[in-house]
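K.L.:
Provide a 3D model corresponding to the input given below.
(chains A and B)
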Amino acid sequence: MKVEAIEYGDRKVFSVGAFNRGVAEWLSRLPTLWVEGEVTELRRQERWATVFLTLKDPSDGACLSVSMPRAQFDALRLELADGERVHVYGRPELFAARGDFRFRALSIERFGLGDHLAALERLKQKLAHEGVFDRKRPLPRFPRRVGLVTGNDAAAKRDVLTAITTRFPPARIVVAETYVQGPRAAGAIVDAIGALCEIPDVDVIIVARGGGSFEDLLPFSDERLVRAVAGCQVPIVSAVGHEQDTPLSDLAADARASTPSVAARLVVPDADELRKRLEQTRQRLHHAPLLMLERKRAALESAHGRLRALSPRATLDRGYAIVRREGAIVRSGGDVGTGARVDVELAEGGFGATVEETR
Amino acid sequence: MTFEEAQKELEAVVRKLETGQADLDEALTLWQQGDELYRFCLGRLDSAQGKIEDLASKVDSLRPAEPA
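P.N.:
The predicted model follows:
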């Protein structure tokens, strides 16, 4: 159907209604297709005939409003929750009345395990290509404060805290309890990391979670979390228990700890070892002066020995004598004429003499 | 001064004393300095009280005080 324009001289102008209908008509030519994304803002009311939700692209946040007749939605029996990834089959539509652009869903399918695995692999390649997994910073040996992001279940939190405080009692730890499972987990952990980074003195952060199924650990491969871990100004240790598939946040972290005690070893020194080393240093400190005096005395002794060896005394002891004429040492026969008065010094005493002949 | 800095300096002092680089007079002051560093380090190990705080409480202290 052709949309009529209104003529104003040479200008062709469309009414809003006509314009909307025209665009709507164009859109209706687009095929029905599958769109993938994360369910957010799911709104379903008994009295409404339609269910609404916003489909969000997890990598760039692009959004698409989706509507579906409630009866068809309920028939799928998906028990959908915000944060779940889905495939939606439908077609783009413009509601001429208010110019609303929306994707009318004909069917929705939840992401299967295979889809998750495939999506995860694609994300991994993309992030690896960007070098997100490359930076591995050294961990500080003496962190002023350790940040800990963990779930509110007692086990994981308690294990890490005990491991750290046993190894280094003076450790100061700031704990951020948050969701570590389910659709809200990824965003919550990103916020927790951000909050910890703002606390002065936090020099390292541990993200800890007890083991879990592949689905349980999905938040730890969420692109936002992986980028937050890689880009965090403070080094991050990933202490997420898992069997085979490594969550991507493990690859992005600066270090990985398979158990709480390993995590503790990575972030804090061993107090007992420090004490032992300190004691050793103290002993060296107390021995040092003795050692030094010893060495000084030895040096003195050897200097003294060399001194004595070089002194004339030792030469005289070996039977030599020193001949002087008016105080000056006579070294050759030519230094003195016959009849000259000389002094002769011996090892013991000496005597005066007159030169009878010189050679 | 942090524990790490003190420990490093202490070991430097001891090395200097051990290798006899210091002359006799300097040695005495060096030795005292070493002893002080040792006590500082030991203090940090023994007395320093470990602390476990919750982010929630920390974040409140970070949030600017509400205007009265």
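
K.L.:
make it CA atoms for all contacts and neighbour counts henceforth
P.N.:
OK.

K.L.:
where does residue A:100 land on pLDDT?
P.N.:
On pLDDT, residue A:100 comes in at 90.

K.L.:
phi, psi of it?
P.N.:
The phi/psi pair for residue A:100 (degrees, to the nearest 10) reads phi -80, psi 130.

K.L.:
List the contacts of the nearest residue in space to it that is not next to it in sequence.
P.N.:
Distances taken as CA to CA, 6 or more residues apart in numbering or on different chains place residue A:94 nearest to residue A:100, at 5.5 Å, with adjacent residues excluded. Contacts here follow CA atoms under 8 Å, 6 or more residues apart in numbering or on different chains; on that basis residue A:94 touches A:20, A:23-24, A:27, A:100-102.

K.L.:
Tabulate the residues you listed (TSV), appending neighbour count and secondary structure.
P.N.:
Shown next, in TSV, are these (neighbours: other CA atoms under 10 Å in any protein chain shown; DSSP: H, G, I helix; E, B strand; the rest coil):
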residue	neighbour count	secondary structure
A:20	20	helix
A:23	16	helix
A:24	19	helix
A:27	15	helix
A:100	13	strand
A:101	16	strand
A:102	17	strand
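
K.L.:
for chain B, longest helix please?
P.N.:
helix B:24-47 (DSSP state H).

K.L.:
Enumerate residues external to that helix that contact any of its residues.
P.N.:
A:170, A:271, A:275, A:278, A:282, A:285, A:289, B:3, B:6-7, B:9-10, B:13-14, B:17.

K.L.:
if you skip the residues just before and after it, what's nearest to residue A:342?
P.N.:
Using CA to CA, 6+ apart, the nearest residue to residue A:342 is residue A:325, at 4.8 Å.

K.L.:
isn't that neighbour right next to residue A:339, touching?
P.N.:
No. Taking CA atoms under 8 Å as the definition, residue A:325 is not a contact partner of residue A:339, at 11.7 Å.

K.L.:
in the stretch 1-150 of chain A, which spans are helices?
P.N.:
Taking DSSP state H, counting those that start in this stretch, the helices of the stretch 1-150 of chain A run over residues A:16-27, A:70-76, A:113-130.

K.L.:
Tell me how many other residues surround the closest residue to chain B within the stretch 1-150 of chain A.
P.N.:
Residue of the stretch 1-150 of chain A nearest chain B, by CA to the nearest CA: residue A:142 (6.8 Å). Neighbour count of residue A:142, defined by other CA atoms under 10 Å in any protein chain shown: 16.

K.L.:
And residue A:187, by the same measure?
P.N.:
Neighbours of residue A:187 (other CA under 10 Å): 17.

K.L.:
From residue A:107, how far out is it?
P.N.:
27 Å (CA to CA, to the nearest Å).

K.L.:
Then residue B:19?
P.N.:
Residue B:19 is 81 Å from residue A:107, by CA to CA.

K.L.:
sorry, back to before: excluding chain neighbours, what is closest to the residue of the stretch 1-150 of chain A closest to chain B?
P.N.:
Using CA to CA, 6+ apart, the nearest residue to residue A:142 is residue A:268, at 6.3 Å.

K.L.:
Which residue is the nearest non-sequential neighbour of the one residue in chain B that gets nearest to chain A?
P.N.:
Residue nearest to chain A within chain B (CA to the nearest CA): residue B:50, separated by 3.8 Å. Nearest-residue entry for residue B:50: residue A:170, 3.8 Å, with adjacent residues in sequence omitted and distances by CA to CA, 6+ apart.

K.L.:
And for residue A:108?
P.N.:
Closest to residue A:108 by CA to CA, 6+ apart is residue A:88, at 4.5 Å.

K.L.:
wait, that neighbour sits on residue A:111?
P.N.:
No. Judged on CA under 8 Å, residue A:88 makes no contact with residue A:111 at a distance of 10.2 Å.

K.L.:
Look at the two and report which has more neighbours.
P.N.:
residue A:88 (21 against 17).

K.L.:
need the contact list for that one.
P.N.:
Counting by CA under 8 Å, 6+ apart, residue A:88 has contacts A:34-36, A:105-109.

K.L.:
try 10 Å this time
P.N.:
Taking CA atoms under 10 Å, 6 or more residues apart in numbering or on different chains, we find residue A:88 in contact with A:33-37, A:55, A:66, A:103-110.

K.L.:
what bridges to it?
P.N.:
residue A:35, residue A:108 (DSSP bridges).

K.L.:
what's the spacing between it and residue A:32?
P.N.:
Residue A:88 is 10 Å from residue A:32, by CA to CA.

K.L.:
Quick check: neighbours shared by the two?
P.N.:
With CA under 10 Å, 6+ apart as the test, residue A:88 and residue A:32 both reach A:103-106.

K.L.:
Tell me where the model's unsure across the stretch 201-350 of chain A.
P.N.:
Within the stretch 201-350 of chain A, no stretch has pLDDT under 70.

K.L.:
in it, which spans are helices?
P.N.:
Under DSSP H, counting those that start in this stretch, the stretch 201-350 of chain A gives helices at A:223-231, A:248-252, A:260-267, A:271-310, A:312-317.

K.L.:
and the shortest one, how far out from the chain's middle?
P.N.:
Once both centres are worked out by CA atoms, centre = their mean, to the nearest Å, helix A:248-252 turns out to sit 11 Å from its chain's centre.

K.L.:
ok so, going back, mind checking how far the longest helix of chain B is from the chain centre?
P.N.:
With CA atoms, centre = their mean, you get 11 Å for helix B:24-47.

K.L.:
got it, and stretch A:16-30?
P.N.:
53 Å.

K.L.:
how about it: buried residues?
P.N.:
A:18-25 (16 or more other CA atoms under 10 Å in any protein chain shown).
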